[in-house]
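Participant: Any chance you could fold what I've pasted below:
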Amino acid sequence: MISLPFVPQQQLTETMIIVRKESHGAVYTIDPDSKELYYAPIYTDNSINLSEFAPVDLSDSDEEEMLLIQQELIALNK
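Facilitator: Numbering: from 1, shown residues only. Prediction:
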């Protein structure tokens with residue numbers, strides 16, 4: 001888990017908690033206010049671009065697994 005400044009859709013002064021899922025090739029975070037789940041790809045050099053976070057479309061993914069990741073992030077943000 002990495003903690004970085006949170007800046008998906010708007011300028012915020014909160015802390016961003018990121019969960020890395022190697023099997024997905026992505027990292028996940030949530031908006032601390034709306035609890036919306038966001039993802040960004042992990043590149044082959046293991047880097048991530050914080051400006052590439054996008055909302056997770058539950059219809060295009062394993063909804064149950066995404067909800068578990070979301071719940072994990074909500075718990076970490078408390």
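Participant: my guess is Val19 is in a helix, correct?
Facilitator: No: assessed with DSSP: H, G, I helix; E, B strand; the rest coil, Val19 is strand; it does not lie in a helix.
Participant: Please tell me how far it sits from Ala75.
Facilitator: 11 Å (CB to CB, to the nearest Å). (C-beta placed from N, C-alpha, C; glycine too.)
Participant: out of the two, which sits in the busier spot?
Facilitator: Val19 (17 against 9; other CB atoms under 10 Å).
Participant: Pull the contacting residues for the more buried one.
Facilitator: Going by CB atoms under 8 Å, 6 or more residues apart in numbering, Val19 touches Met1, Val27, Tyr28, Thr29, Ile69, Glu72, Leu73, Leu76.
Participant: same question, Ile30
Facilitator: Ile30 neighbours (CB under 8 Å, 6+ apart): Ile17, Glu36, Leu37, Tyr38, Gln70, Leu73, Ile74, Asn77.
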